[in-house]
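*Asks:* Turn this into a model:
(2 chains)
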Amino acid sequence: MIQTLIHLLVLLVLPPLLLGFINKTKALFAGRRGPPLLQVYFDISKLLRKGLVLSETTTWVFRAGPIVTLASVALAGLLVPLGSPLAPVAFAGDMILFAYLLGLARFFTTAAALDTGSAFEGMGSAREVTFACLSEPALFFVFLALAKQTGSLSLGAMLGASSLPFSAAFAAPLVLVCLGLFVIILAETCRIPVDDPTTHLELTMIHEAMILDHGGPLLGIIEYGSAMKLLVLESLLLRLVLPLRFESAWLEWGFFVAQALLLSVAIGVVESIMARLRMRRVPYLLTGALLLCGSGFVLLVR
Amino acid sequence: MILTLIFAAIAAFACSGLPGLFLPARSRLGQRMAALLMVAGGLLGLIALGLSIAGRPEGASLAAAWMMPRGSFAVAIDPLSSIFLALIFIVPPLGSIYGLGYWDQVEHARSGARLALAYGILAGAMAMVAIARDGMLFLIAWELMALAAYFAATADDGPETRRAGWIYLIATHIGTLCLFAMFALWRRSTGAFALLQAPALPPEAAGAIFVLALVGFGFKAGLVPLHVWLPGAHANAPSHVSAVMSGVMLKMGVYGILRMASLMPQPPAWWGGTLMAAGAATGVAGIVFAIAQADIKRVLAYSSVENVGIIAMGSGLALLGSSLGRPELILLGLCGALLHVWNHGLFKPLLFLGAGAVMNATGTREIERLGGLAKRMPAVAALFLAGSVAICALPPMNGFASEWILYIGFFRALGSDSSAMAATAAVALALIGALAVACFVRIYSGVFLGLPRGDSGARACDPGASLLVPMAALALGCAAIGLAPSLILPAVLAAARSWPGAGLATGEAAFSLAQAAPLGWISRAGLALIALCALGFLATRRARSRAARGRPTWDCGYAAPTPRMQYTASSFGLSIVGLFSPLRAPKNRRLSVKGYFPGESRLEGKPPALALDRVARPLGLAIDRFLPRLHLLQRGQTHLYLLYVLVITIVLLAVGGLGVPL
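*Replies:* Numbering: from 1, shown residues only, chains lettered A, B, ... in the order given. Coordinates of the predicted model:
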C-alpha cells in the first residue's frame, strides 16, 4: 500500500524535474546558466492558470486530445515498476496494454492536431504516426526478448530479466535490446536526434508542431503528459540496465529517482552533442533500433 | 426446437424481400415489411442461440434424405456455428433498418425491391452455410450466398459498379471451383459428403484439402493476394450491403477454413504456419493498401482485409497448437480469432454505415472533398470515432480485447519450437496496430475534422433515426465488449473448447483462460481510463467555459488560412506509403513548375490496385487471348450443342463403367 502511494507520488511529481535536468544539462553544454531546475513546474502551473483560446475550426476532439493523452500515459505509468520491482498494477499481458495505451495517446494527440485544420499540425501528426510504425514493432521485439528470457508476461517480471542469475547467453541480447530501447525512448519522447523540442522552425518539428494551437491549461496538460511519458519510458530502461536491489524500500526509491535524473542528464548530453537528423533519415535510425531489438530477440531463439 | 427456430429465422430472412415484389414500386410498405421480417428473423435466431447456449451446449443436429442425387440434408448447430450465426442474426437486421432511410424505396424505385430481395436471401444463405453439415448442401448455400451478394452489391447501377460486380463474380466462382474440388476430394477420402469428424485421412489428401480450402475460402475471406474483388465490390455496394458483406460475409470464408480444419485429425505443423504467415502478410498488406486509398469506403474495405489477416493469424496459432499438442495455444488462438470475428463484425459495419451516412449527406466518397463534418454531423462523427478507436484495437473499445488475447497466445508460443513464427506474428500485429492508428486518424480527421474542403458538405446534417439507431446499437456493442469482455467470453470459449484437442486440456488442468488472459483487468483498465478522462474534462470545465472562441486557427500567424491550406489525407498517408514503397507506390504524376510565373498545373494521384492490375488483369488478358480458340466448338447451332451433351454423357458413363469412382 505504502509502495503504491509512493509510486503514485513519484509518478505525479517527478516528471517535470526530469525535463528540468535535461534543460539544465543542455544549457551547461551551451555555456549558459540555464533556467532553474524547477522551471518546468512553474511553466506548467502558469499555463494551468491561464485562459484558453479555442479556434472556431476545432471540435471537442481538440479539447479531448490532451486529456485522453494524459489519462492514458498516467494509466501506463501504473503498469511499469518504478522504485519497487513490483508495479501497482501487474497482470499477465500488461505490457500489451502498456503499448496500446501509448497508441491511444497517439491517436488522440494526432487527431486533436488535425482538428485545427492547420498544415503544420498535419505534418507533425503525419510524422508522428509514421515513426510509430517503426518504433512500435521495435518495442514489441524488446517485449518478446524479455518474455523469452524470463518466461513471464508481466512487465514487472520481464524487466527484472537482468536481475536473474547472470547468463552469458543473455548478455549480448540485453545490450542490443537496451540500445534499441534507448533509441525508442528518444523517438517516443520527441528528443534529438529525432525531433527537436526547442525548435521554432515548424517545418522540421514533430511533437511541437502538433501542439502549436493548444494554449493555456490544455498546453499545460500536454507538457505535463509528455514529461510523464518520459519518466514512464525511462523506467523501462532503468529497470533493465541497473537492476540493483537494496535492503530498505526508501533507499530503493531514492536510488530510482537518482537513476532517472541521471538518465535525463544522459539524454541532455545526447541532445547537446548531436544534431537533429534530417527528417528523411529518421526512419533509418528507427529501423536501426528495430534491427537492434530484433537481433536481440533472434540471439535468444538460436 | 432450436433448429425449428433457426429454420424460421432463415425463412423470414429469405422471404423478407418477397412482399415488396408485389407492391407498387413507389410504396414504402414493402421495404418496411422487409425490415420487419429481417428483425423478426434476427430475434428468432437470437432466441434460438440463447436456448442453445443455455440448455444444450453441445448443440442440435438433424439429418434427412433429400431428393438430390448426392448428399443429404444434414444440418447442425454447434458452438462454432453459433459464433458466426450470432453475427448473421445481428448485423443484417440492423442493416435493413438502416436501409429504410439510406436506400429509400421512393427514391430508388427501380432497384429497391430487387435489393431487398437479394439482401434477405444473402442473410438467409449465410445462416444456411453456417449450419450445413453436408458438402452438397454447403455448396448450394454457398453459391446462393455468393449470387445474392452479387445482386445486392450491384443495386446501384453504373459502369464502375458493374465492373466491380464482374470482378467479384469471377473471383467468387474461382473460389467456388476450388471448393468443388475440395469437396470431391473430401468425399473420395472419407466416403461421403457429410461434414463429420474424419477418423483418419491420408496426409497427402488432407494436405490437398487444406490447401484447396485455404484458396477457395481465402477468395471469400479476402486473404492477400486473393482479395482482388474485395475493395471494388465493397466500395460500390450500398453501404448497408457493404456492412453485411464486410462484417459477416467475409467471415463465412474464415468459418469455412476453420470448419474444414476442425474436421481433419492431427494437422501437421505447416498448416498453422502457412495460415499464420498468410494472415500476417494479409494484415500488413491490407492496412498499407488502406492508407493509400482516397475513397473512404475503399479504405474500410482494405481494412477488412487487414482484420481478416488478424483472424487468420489467430486461427493459425490454434492449428499450430493442435499440431504441437499445446491446448492452451488452441484456446488462446481460437478465442482471440473468434472474438475478433465478433468485434470486426460490429465495428466494421458501424464504420461502413457511418461512411454511408456521410455519402448520403455529401454525395461523395472522396476524402479529399470532405472535412469538418463533425460540426455538421456531430452524432455520426461521435459514432464513427467510437468505431475508429475500436478498429485500431485501442482500449477501452472491443478490438483491444481480442488482439490482446492473440498477443498473449503469440507470447506463450515463445516457449515452443515455433517461437520464431509466433514472434513474427506478434511483431506483425504490433506493426498492424501502429499502421491502423495512422489509417484511421487519417480518415477520421480527413472526413470529420478541420475545415470543409469544397462545398460538398455545405448542407450536410445528422441523418434520421433509421440511420442513427443501428449505428448506435453497433457502437454500444463495441463498448460493451470492450468494457466487459468476460461477459461474452463463455460463448467464444465454448467454441474453442469444442475444437478437437482443446477439450483434452485436463492434462494441464491448471491452465485456465482466466489466468492466462485476465480479462477482468481489461475491464478495470477501460473503466479507469474513462473515469480519468471524465475527471480531466471536469477539471478543465471552467477554463473551457471561459475560453475565447470565434477566431480562426492561429497556425503560426497566417492571416487568412483557407481550407485548401490544410494537410490533405493523401499527404498524411504519403510518408507511410513511402516506407512501403516497394510494395505500393501510388502513381503520382509529378507537378512540374516551369518559369518564374508558373501557370496552372495539375497533380493527379491514383493508388493502383496492385494485385488486380499487376497479377489478375494480365492473367485474365492472357486467358482472353487463348479463348478465341474455343470458337471452334461454339457454332451457334442448338443441335450441335445437344450432341456435345450426349457425347459427354456417354464419355462419363464409360469412365464410370471403368470403375473410377465419381
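
*Asks:* Give me the below-cutoff pLDDT ranges for the chain.
*Replies:* Here I'm looking at chain A. Scanning chain A for pLDDT under 70 picks out the ranges A:200-203, A:302.

*Asks:* I was after chain B.
*Replies:* Those would be B:56-59, B:503-511, B:582-591, B:605-608, B:659-662, if you go by pLDDT under 70 across chain B.

*Asks:* Going by residue numbers, what spans are strands in it?
*Replies:* Here chain B has its strands, by DSSP state E, at B:60-64, B:73-77, B:548-551, B:587-589, B:604-606.

*Asks:* Looking at those strands, which is nearest to chain A?
*Replies:* strand B:548-551 (4.7 Å; C-beta to the nearest C-beta). Heads up, the C-betas are built off the backbone N, CA and C, glycines and all.

*Asks:* ok, that closest one: who's next to it in the sheet?
*Replies:* Using DSSP bridges, the strands paired with strand B:548-551 are strand A:53-55 (parallel).

*Asks:* Just the residues contacting the partner strand, thanks.
*Replies:* A:62-63, A:116-117, A:213, A:215-216, B:544, B:547-549, B:551-554 (C-beta atoms under 8 Å, 6 or more residues apart in numbering or on different chains).

*Asks:* quick one on the thing from earlier: reformat the strands of chain B as JSON lines; add distance to residue B:357 and mean neighbour count.
*Replies:* Shown next, in JSON lines, are those (distance: least, C-beta to C-beta, whole Å; neighbours: other C-beta atoms under 10 Å in any protein chain shown):
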{"stretch": "strand B:60-64", "distance to residue B:357": "39", "mean neighbour count": "14"}
{"stretch": "strand B:73-77", "distance to residue B:357": "35", "mean neighbour count": "21"}
{"stretch": "strand B:548-551", "distance to residue B:357": "27", "mean neighbour count": "11"}
{"stretch": "strand B:587-589", "distance to residue B:357": "31", "mean neighbour count": "11"}
{"stretch": "strand B:604-606", "distance to residue B:357": "26", "mean neighbour count": "11"}
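
*Asks:* Please convert those strands to a markdown table, extending it with distance to residue A:275.
*Replies:* A markdown table is the format used below for those (distance: least, C-beta to C-beta, whole Å):
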| stretch | distance to residue A:275 |
| --- | --- |
| strand B:60-64 | 71 |
| strand B:73-77 | 66 |
| strand B:548-551 | 37 |
| strand B:587-589 | 31 |
| strand B:604-606 | 33 |
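
*Asks:* and the spatially closest residue to residue B:273 that is not a sequence neighbour, how far is that from residue B:307?
*Replies:* Computed as C-beta to C-beta, 6 or more residues apart in numbering or on different chains, the closest residue to residue B:273 that is not its neighbour in sequence is residue B:421, at 5.6 Å. According to C-beta to C-beta, to the nearest Å, residue B:421 and residue B:307 sit 20 Å apart.

*Asks:* now do residue A:209
*Replies:* Residue A:209 is 32 Å from residue B:307, by C-beta to C-beta.

*Asks:* What of residue B:10?
*Replies:* From residue B:10 to residue B:307 the distance is 26 Å (C-beta to C-beta).

*Asks:* higher neighbour count, the two?
*Replies:* residue B:307 (31 against 25; other C-beta atoms under 10 Å in any protein chain shown).

*Asks:* Show the contacting residues for the more buried one.
*Replies:* So residue B:307 contacts B:283, B:286, B:340, B:344, B:348, B:391 (C-beta under 8 Å, 6+ apart).

*Asks:* Out of the residues you listed, flag the one nearest to residue B:227.
*Replies:* residue B:286 (7.3 Å; C-beta to C-beta).

*Asks:* So that closest one sits against residue B:311, correct?
*Replies:* No. Counting by C-beta atoms under 8 Å, residue B:286 does not reach residue B:311; the two are 11.5 Å apart.

*Asks:* residues near the residue of the stretch 101-250 of chain A at minimum distance from chain B, how many?
*Replies:* Of all residues in the stretch 101-250 of chain A, the one sitting closest to chain B is residue A:122 (2.2 Å; C-beta to the nearest C-beta). Neighbourhood size, residue A:122 [other C-beta under 10 Å]: 26.

*Asks:* Quick check: chain neighbours aside, which residue is closest to residue A:279?
*Replies:* residue A:204 (6.5 Å).

*Asks:* Give me the neighbour count for that neighbour.
*Replies:* Using other C-beta under 10 Å: residue A:204 sits among 17 other residues.

*Asks:* which residues does it contact?
*Replies:* Neighbouring residues of residue A:204 by C-beta under 8 Å, 6+ apart: A:196, A:276, A:279.

*Asks:* so the residue of the stretch 101-250 of chain A closest to chain B sits in a helix?
*Replies:* Yes. Residue A:122 forms part of a helix when assessed by DSSP: H, G, I helix; E, B strand; the rest coil.

*Asks:* Tell me how far it lies from residue A:189.
*Replies:* For residue A:122 relative to residue A:189 (C-beta to C-beta), the value is 22 Å.

*Asks:* what do you get for residue B:348?
*Replies:* 34 Å.

*Asks:* between the two, which one's more packed in?
*Replies:* Using other C-beta under 10 Å as the criterion, residue B:348 and residue A:189 rank with residue B:348 on top: 28 against 23.

*Asks:* give the contact list for the more buried one.
*Replies:* B:243, B:246-247, B:300, B:303-304, B:307, B:387, B:391.

*Asks:* make it 7 Å
*Replies:* Shown in contact with residue B:348 (C-beta atoms under 7 Å, 6 or more residues apart in numbering or on different chains): B:246-247, B:300, B:304, B:307, B:391.

*Asks:* and which of these is nearest to residue B:433?
*Replies:* residue B:391 (10.6 Å).

*Asks:* how about the nearest residue to the closest one, chain neighbours excluded?
*Replies:* Nearest non-adjacent residue to residue B:391, counting by C-beta to C-beta, 6+ apart: residue B:347, 4.9 Å away.

*Asks:* in what helix or strand does residue A:88 lie?
*Replies:* For residue A:88, there is no host helix or strand (DSSP states H and E).

*Asks:* Name the residue closest to the centre of the chain, please.
*Replies:* Since you didn't name a chain, this refers to chain A. residue A:230 (3.4 Å; C-alpha atoms, centre = their mean).

*Asks:* Oops, wrong one, chain B.
*Replies:* The centre of chain B sits closest to residue B:246, judged by C-alpha atoms, centre = their mean, with a distance of 3.3 Å.

*Asks:* can you pull the contacts of it?
*Replies:* Neighbouring residues of residue B:246 by C-beta under 7 Å, 6+ apart: B:234, B:301, B:304, B:348, B:352.

*Asks:* Equivalent analysis for residue B:19, please.
*Replies:* B:30, B:33.

*Asks:* Recalculate using a threshold of 8 Å.
*Replies:* Applying C-beta under 8 Å, 6+ apart, the residues near residue B:19 are B:29-30, B:33-34, B:37.

*Asks:* And it, how far from chain A?
*Replies:* The gap separating residue B:19 from chain A is 43 Å, by C-beta to the nearest C-beta, to the nearest Å.

*Asks:* ok, that residue to residue B:38 distance?
*Replies:* For residue B:19 relative to residue B:38 (C-beta to C-beta), the value is 12 Å.

*Asks:* cool, and residue B:340?
*Replies:* Separation of residue B:340 from residue B:38 (C-beta to C-beta) stands at 25 Å.

*Asks:* Please apply the same query to residue A:277.
*Replies:* The value you get for residue A:277 to residue B:38, if C-beta to C-beta is used, is 57 Å.

*Asks:* about what we covered before: please identify the helix or strand for the residue nearest to the centre of chain A.
*Replies:* Per DSSP H and E: helix A:216-241 holds residue A:230.

*Asks:* what element comes up after that helix heading to the C-terminus?
*Replies:* Following helix A:216-241 in sequence, per DSSP H and E, is helix A:249-273.

*Asks:* Alright, calling it a day.
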